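S.K.: Return atomic coordinates for the entry below.
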Amino acid sequence: MEKDDYLPLFETKAAKGRKLFQFYAVSVLVGICFLCVYRVTHVPAEGKVERWAWMGLFFAELWFVLYWILTLFVRWSPIYRYTFKDRLSHRSLFLPAFMNV
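M.R.: Just a heads-up that it's a prediction; the model follows:
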């Protein structure tokens, strides 16, 4: 019995407009850095109630920065996979050889 030639089930393409998104991401990162520098340089005096609010805001912004950077790694260079629908029925992993069409 002869094995068929390998035909891929999908085609991989890079997303369009990546450079525009990368420029946007870098500009947001610069803005976040400026915000963090501002927060660190303008700490309220100790003993005031505003300090607790400042700490809460700073930790919330810090959490946002960490989350944004982690998700940026996934969004930096997106790809899309397009399946070849006509090839799906010719290849099955779980059917016995006599059932393949």
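S.K.: in the protein, which spans are strands?
M.R.: Counting by DSSP state E, the chain has strands at residues 10-14, 79-83.
S.K.: Export these as CSV, with columns for mean pLDDT.
M.R.: Shown next, in CSV, are those (pLDDT from 0 to 100):
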stretch, mean pLDDT
strand 10-14, 86
strand 79-83, 86
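S.K.: Can you check which of those gets nearest to A53?
M.R.: Checking the strands of the chain against A53 by C-beta to C-beta gives strand 79-83 as the closest, at 42.9 Å. To be clear about C-beta, it is placed using only N, CA and C from the backbone, and glycine gets the same treatment.
S.K.: Show the pLDDT at P96.
M.R.: Listed pLDDT for P96 reads 54.
S.K.: hey, where'd the helices end up in this protein?
M.R.: 18-41, 49-75, 85-88 (DSSP state H).
S.K.: so which of those helices comes closest to L7?
M.R.: helix 85-88 (5.4 Å).
S.K.: With just CA atoms, put that closest one into CSV.
M.R.: C-alpha atoms of helix 85-88 as CSV (Å, rounded to 0.1, in the frame of the first residue of the first chain):
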residue,chain,number,x,y,z
LYS,A,85,-11.2,22.7,3.6
ASP,A,86,-10.9,20.3,0.6
ARG,A,87,-7.9,18.5,2.3
LEU,A,88,-9.6,17.9,5.6
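S.K.: Okay, now the unreliable bits of the chain?
M.R.: 1-5, 90-101 (pLDDT under 70).
S.K.: Right, I'll call it a day here.
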